[in-house]
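sequence and computational prediction follow.
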Amino acid sequence: MLRGVLGKIFRLVGYTVQYGCIAHCAFEYVGGVVMCSGPSMEPTIQNSDIVFAENLSRHFYGIQRGDIVIAKSPSDPKSNICKRVIGLEGDKILSNSPSDFFKSHSYVPTGHVWLEGDNLQNSTDSRYYGPVPYGLIRGRIFFKIWPLSDFGFLRDSPNGHRFSDD
């Protein structure tokens, strides 16, 4: 009897470990559901919108200008940020402070990206902390799940003119 109970417990533990490994790989390498908070990506993503982030692009260096990404915050590694890719390595960026008083050019170094929120007046982004290392990118957001009225693929940036190659 004891042998039968131990056998069932070991099978249960084995299945739990197997499914745990599968779930980990799915969330780490395929993608997952994310709730975005804060006003920095308005109007594209509102506070508390739920989106799907895929993680394959970051593994295969498939991140492009205009993509919305989830990244570890350079100023607070315990939190994630949701921003749009404005520049890739080697790009020259016309950056202005959030107050719009000072304008300067910045170059994105190798292995980095330039991230900005769509709500330029209310976003802490690369204009504040500089280029972000590519390794901090966790995934690319491309699909909005909630609210249902906005269900579908994300729209282009309201600041599309920022992507011009001057």
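Okay, I see it.

so residue 142 sits against residue 68, correct?
Yes: the pair formed by residue 142 and residue 68 meets the contact definition of Cβ atoms under 8 Å, at 7.4 Å. Every residue, glycine included, has its C-beta placed from N, CA and C.

so the two - more neighbours on which side?
Higher neighbour count among residue 142 and residue 68: residue 68, with 23 against 15, using other Cβ atoms under 10 Å.

now residue 71: which helix or strand?
Residue 71 belongs to strand 68-72 when elements are defined using DSSP states H and E.

quick one: mean pLDDT for that strand?
Rounded to a whole number, the mean pLDDT of strand 68-72 is 90.

how about that strand: buried residues?
Neighbour-count burial for strand 68-72, counted by 16 or more other Cβ atoms under 10 Å, picks out 68, 69, 70, 71, 72.

show me what contacts the third one?
Going back to what we said before, that points to residue 70. 34, 53, 80, 81, 82, 137, 138, 139, 140, 141 (Cβ atoms under 8 Å, 6 or more residues apart in numbering).

same question for the first one.
Each residue near residue 68 by Cβ under 8 Å, 6+ apart is listed here: 41, 44, 45, 82, 83, 84, 85, 140, 141, 142, 154.

closest one to residue 57 out of these, please.
Using Cβ to Cβ, the shortest approach to residue 57 within those belongs to residue 140, at 4.4 Å.

so what's the backbone phi/psi at that closest one?
phi -110, psi 130 (degrees, to the nearest 10).
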